[in-house]
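A.B. asks: what would the 3D arrangement of this be:
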Amino acid sequence: LLNDDYSTKVSLKCKKAAGPVAVTIDSTRSASGAIASKVGTKFSYAGLSFDKAQLEAAGGQTLETSICPAPGLKLSFKGSKGADLGCDYKSGNFVGTAKLDVKDLAKVSSSACLGLSGGVTVGGDASYSIKNGSFSGFNVGASYGQGPLFAAATTGNKMSSVNVSMLYKVSPELSIASSTTHTTSKHTLVAAGGSYKAAFGDLKAKVNCDGVVSASVVKEVAPKVKVTASGTMKGIDTSTFKYGLGVTM
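C.D. replies: You can find the predicted model right below:
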């Protein structure tokens, strides 16, 4: 609610299935008017999933693959500017992940999450710098979801800060959310906002700690054709207004 659909770009994304292969063309117009495009596809062959194979107009390339050799176990590879080998394991209410930087052999990271009774989930993550021989990050978190309320608390910066996020569904149409960050010396409202499912589309709005107000409207104008119109402005200063328009089909 506080992150999606607030873009200030003008973009067009087209998705089309060509038999067992899905093709996506994503074009974005910059402020200067230049158009940059990305062409991607995903498919499966002999048990190996090519989750993302993408080429960019500027020459960038992305490849993401995965395979499931056993129930609950997924091995993955993600390559772009870097390259990572990953392992995800799920069993019952437990989910664990591990990732190794195989390009520079600089870092290994892992995370674990366990669902408890009563809508409570606890977890943690850690990153180890192979180059420096020390932990580069470690944090813990917990969440609670029951009925219309969802709340989560996670630590950041090696447990030197706490991030608290809350979501409350007032009604099937109206939801409100907030995100705050707390340290021993400072308490900050990161963002607060709400969403409303209106007849003309899904409306979202938020304000952040710098006084920047953002809003968006998402509307399905035809079957499988979605239009997102968004805008941001700092306070009432119209000179800071920026807009975005996205079409996905």
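
A.B. asks: name the SS class of residue 131, please.
C.D. replies: Reduced to three states with DSSP: H, G, I helix; E, B strand; the rest coil, the structure at residue 131 is coil.

A.B. asks: please work out how many residues are found near it.
C.D. replies: When neighbours are counted by other CB atoms under 10 Å, residue 131 registers 11. (C-beta placed from N, C-alpha, C; glycine too.)

A.B. asks: what do you get for residue 191?
C.D. replies: Residue crowding around residue 191 was assessed by other CB under 10 Å; the count is 20.

A.B. asks: same check on residue 102?
C.D. replies: Using other CB under 10 Å as the criterion, residue 102 is surrounded by 13 other residues.

A.B. asks: give me every residue that touches it.
C.D. replies: For residue 102, the set of contacting residues under the criterion of CB atoms under 8 Å, 6 or more residues apart in numbering consists of 83, 84, 85.

A.B. asks: any regions of this structure where pLDDT drops low?
C.D. replies: The model of the chain has no residue with pLDDT under 70.

A.B. asks: about what we covered before: could you identify which of the contacts of residue 102 has the most neighbours?
C.D. replies: residue 84 (18 neighbours).

A.B. asks: look at it and give its secondary structure.
C.D. replies: With three-state DSSP as the criterion, residue 84 was assigned strand.

A.B. asks: hmm, back to that, of the contacts of residue 102, which is the nearest to residue 214?
C.D. replies: When these are compared for distance to residue 214, the smallest value, 31.7 Å, is given by residue 84; criterion: CB to CB.

A.B. asks: of the contacts of residue 102, closest to residue 104?
C.D. replies: Sorting the contacts of residue 102 by how near they are to residue 104, with CB to CB, puts residue 83 at the top with 8.6 Å.

A.B. asks: list the contacts of that closest one.
C.D. replies: For residue 83, the set of contacting residues under the criterion of CB under 8 Å, 6+ apart consists of 77, 101, 102, 103.

A.B. asks: quickly list what the second one is bridged to.
C.D. replies: What that stands for is residue 101. Using DSSP bridges, the bridge partners assigned to residue 101 are residue 84.

A.B. asks: tally of neighbours for it?
C.D. replies: Neighbours of residue 101 (other CB under 10 Å): 17.

A.B. asks: distance to residue 223 added to the contacts of residue 102, as CSV?
C.D. replies: CSV is the format used below for these (distance: CB to CB, whole Å):
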residue, distance to residue 223
83, 39
84, 37
85, 40
